[in-house]
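> Okay, here's the prediction I keep looking at, along with the sequence it came from:
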Amino acid sequence: MSATIIGYARCSTDEQDLTAQQQRLAELGVADERIYLDHGLTGTTRARPGLDQALAAVREGDTLAVPKLDRLARSVPDARAIGDSLAERGIKLSLGGQVYAPNDPMGKMFFNILATFAEFEVDLLRARTKEGMAVAKAKGKLRGKQPKLSAKQQRELVRMYRTGEYTIADLAEVFTVSRTTIYRTLQREPNEQAH
């Protein structure tokens, strides 16, 4: 029985296109019907149906082809688990055309180094995103979730509640907000106990 090349490609958002990855897999000798895809799923999400199908399709002696390691896994434990599974089953891994046998000591070391870099890349991206959000917040461009009621509306709501003439349900209807919002507003006010 001849060895088969199974391909896998993934993109994180629905806006991203898989065409370039599919073309790369075709260049690596993967037939169209043997390419499995995950669209709109991040690498940190382990439940990836396309990947599960690709892993189920490869048999001993086959090769799993992936355009880049970060398409396969985004963390060292995930990459290692997939690599160990392939090694146990006697399946080679092709990362962007670089084929290695996972049971080969050099191949195993190479895989672990690449997995570390893939995780490092994700951590860098997270750090840059947090940094960008901090800068935006400092400039007043990132304000977080805005309250449903203005300060004036909140004061009026508390005043009406204190009269004892309005129930929580009445206030929710008057201000067209949920009862939860009413409770939160009243909790923010000292000496207010919502019943």
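Happy to help now that I have it. Numbers count the residues shown, from 1 in each chain.
> Which secondary structure element of the chain has the lowest mean pLDDT?
Within the chain, no helix or strand scores below helix 105-138, which has a mean of 79 by mean pLDDT, DSSP states H and E.
> which helices and strands does it pack with?
Other helices and strands packing on helix 105-138, by 3 or more Cβ pairs under 8 Å, 6 or more residues apart in numbering; DSSP states H and E, are helix 69-72, helix 76-88, strand 92-95, strand 98-100. The way it works is simple: take the backbone N, C-alpha and C, and place the C-beta from them, glycine included.
> list the helices and strands the first one packs on?
On a contact count with 3+ Cβ pairs under 8 Å, 6+ apart, helix 69-72 meets strand 5-11, helix 76-88, helix 105-138.
> Pick the most buried one from the ones you listed.
Stretch with highest mean neighbour count among the helices and strands packed on helix 69-72: strand 5-11 (a mean of 24; mean count of other Cβ atoms under 10 Å).
> And that one, how far out from the chain middle?
18 Å (Cα atoms, centre = their mean, to the nearest Å).
> which residues are in contact with that strand?
Around strand 5-11, the neighbours that count as contacts under Cβ atoms under 8 Å, 6 or more residues apart in numbering are 17-18, 21-22, 25, 28-31, 34-41, 43, 48, 50-51, 54, 57-58, 62-67, 71-72, 94.
> So what are the sheet partners of that strand and their directions?
strand 35-39 (parallel), strand 63-66 (parallel) (DSSP bridges).
> right, so these: which one is the most enclosed?
Mean neighbour counts for the strands paired with strand 5-11 (mean count of other Cβ under 10 Å) peak at strand 63-66, with a mean of 25.
> Rounded mean pLDDT for that one, please.
Mean pLDDT, strand 63-66: 94.
> for the helices and strands packed on helix 105-138, which one sits closest to residue 167?
Residue 167 sits nearest to helix 76-88 of all the helices and strands packed on helix 105-138, at 52.2 Å, using Cβ to Cβ.
> Could you give the average pLDDT over that closest one?
Per-residue pLDDT over helix 76-88 has a mean of 82.
> Against which helices or strands is it packed?
Using 3+ Cβ pairs under 8 Å, 6+ apart: helix 76-88 touches helix 69-72, strand 92-95, helix 105-138.
> Would you list the buried entries among the contacts of strand 5-11?
18, 21-22, 25, 28, 30, 34-38, 41, 43, 48, 50-51, 54, 58, 62-67, 71-72, 94 (16 or more other Cβ atoms under 10 Å).
> Export the helices and strands packed on helix 105-138 as a markdown table, with columns for distance to residue 140.
Output for the helices and strands packed on helix 105-138, formatted as a markdown table (distance: least, Cβ to Cβ, whole Å):
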| stretch | distance to residue 140 |
| --- | --- |
| helix 69-72 | 34 |
| helix 76-88 | 38 |
| strand 92-95 | 44 |
| strand 98-100 | 47 |
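> re earlier: now tabulate the helices and strands packed on helix 69-72 in CSV and tack on distance to residue 185.
Output for the helices and strands packed on helix 69-72, formatted as CSV (distance: least, Cβ to Cβ, whole Å):
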stretch, distance to residue 185
strand 5-11, 43
helix 76-88, 44
helix 105-138, 24
